[in-house]
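Asker: starting from these lines, generate the structure:
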Amino acid sequence: MYTAASSSSSTIGMENAKMIKGDIEEGEVLYPGLGYGENQLRWGFIRKVYGILSAQLILTTLVSLATVLYTPINDTLRNNSGLLLLFAILPLI
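Answerer: Sure thing, here's the model as predicted:
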């Protein structure tokens with residue numbers, strides 16, 4: 001849809017196509033034909049989703065570190081298999 005007209009002038013054609021349509025990887029236009037406000041709204045949503053995912057990964061890492069490295073928690077989970085099973089099933093509920 002957004003390619004050069006012919007393969008003989010591929011370099012010049014690609015540069016012209018980028019100047020006319022824009023390059024998605026530059027971050028200026030997410031989808032061709034969107035207005036500036038819609039584009040900003042979509043980029044904001046993408047940033048929010050990646051922010052939430054990053055926070056979840058950091059929290060999971062911190063809880064895992066506390067469980068593995070803090071001896072009283074580690075010993076409690078080793079000695080009480082019911083509690084360990086509860087904590088393993090709890091996120092699925």
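
Asker: where does the prediction get shaky in this structure?
Answerer: 1-36 (pLDDT under 70).

Asker: so which bits of whatever helix or strand W43 lives in are buried?
Answerer: Secondary structure from DSSP states H and E places W43 in helix 36-69. Buried residues in helix 36-69, counted by 16 or more other CB atoms under 10 Å: none are found. For the C-beta atoms, the positions are set from N, CA and C on the backbone; glycine is no exception.

Asker: list the residues that contact T60.
Answerer: Going by CB atoms under 8 Å, 6 or more residues apart in numbering, T60 touches no other residue.

Asker: any idea how far it lies from D75?
Answerer: Applying CB to CB, to the nearest Å, the value for T60 to D75 is 22 Å.

Asker: and L83, by the same measure?
Answerer: Relative to D75, and taking CB to CB, L83 is found at 12 Å.

Asker: and if you look at L57?
Answerer: For L57, the distance to D75 - CB to CB - is 27 Å.

Asker: G44 too?
Answerer: From G44 to D75 the distance is 46 Å (CB to CB).

Asker: and what of L62?
Answerer: 20 Å.

Asker: and L86, which of the three is it?
Answerer: helix (DSSP: H, G, I helix; E, B strand; the rest coil).

Asker: what's around it, how many residues?
Answerer: 10 (other CB atoms under 10 Å).

Asker: contact partners for it?
Answerer: If a contact means CB under 8 Å, 6+ apart, then L86 has no contacts.
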